[in-house]
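Peer 1: turn this into a model:
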Amino acid sequence: MIALVANIAGGVLALLLIAFLFVALIRPEKF
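Peer 2: Purely as a prediction, here's the structure:
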């Protein structure tokens, strides 16, 4: 169960990081 939660948390963090990098690349004026 803990491993499942860790996997989900890691996946969400990875998605947030990818989204952040995507926005930073598309809209650099926001940073």
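Peer 1: alpha carbons only for contacts and neighbour counts from here, please
Peer 2: Fine.
Peer 1: quick one: the host helix or strand of Leu4 to chain centroid distance?
Peer 2: Using DSSP states H and E, Leu4 falls within helix 2-26. Using CA atoms, centre = their mean, to the nearest Å, the mean C-alpha position of helix 2-26 is found 3 Å from that of the whole chain.
Peer 1: what do you get for stretch 18-31?
Peer 2: Stretch 18-31 sits 12 Å away from the centroid of its parent chain (CA atoms, centre = their mean).
Peer 1: pull out the buried positions in it.
Peer 2: For stretch 18-31, burial by neighbour count (16 or more other CA atoms under 10 Å) applies to no residue.
Peer 1: using CSV, write down the CA coordinates of that stretch.
Peer 2: Below are the C-alpha coordinates for stretch 18-31, written out as CSV (Å, rounded to 0.1, in the frame of the first residue of the first chain):
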residue,chain,number,x,y,z
ILE,A,18,6.7,18.3,-16.8
ALA,A,19,3.9,20.8,-16.8
PHE,A,20,6.1,23.4,-15.2
LEU,A,21,8.9,22.9,-17.8
PHE,A,22,6.3,23.0,-20.6
VAL,A,23,4.9,26.3,-19.4
ALA,A,24,8.4,27.7,-18.9
LEU,A,25,9.3,26.8,-22.5
ILE,A,26,6.0,28.0,-24.0
ARG,A,27,5.6,31.2,-21.9
PRO,A,28,9.0,32.3,-20.6
GLU,A,29,7.7,35.8,-20.0
LYS,A,30,5.8,34.5,-17.0
PHE,A,31,9.0,33.7,-15.2
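Peer 1: average pLDDT for it?
Peer 2: Averaging pLDDT along stretch 18-31 gives 87.
Peer 1: outside of it itself, which residues are in contact with it?
Peer 2: Contacting residues not belonging to stretch 18-31 are not present [CA atoms under 8 Å, 6 or more residues apart in numbering].
Peer 1: the same query, at a cut-off of 10 Å, please.
Peer 2: Val12, Leu13, Ala14, Leu15, Leu16, Leu17 (CA atoms under 10 Å, 6 or more residues apart in numbering).
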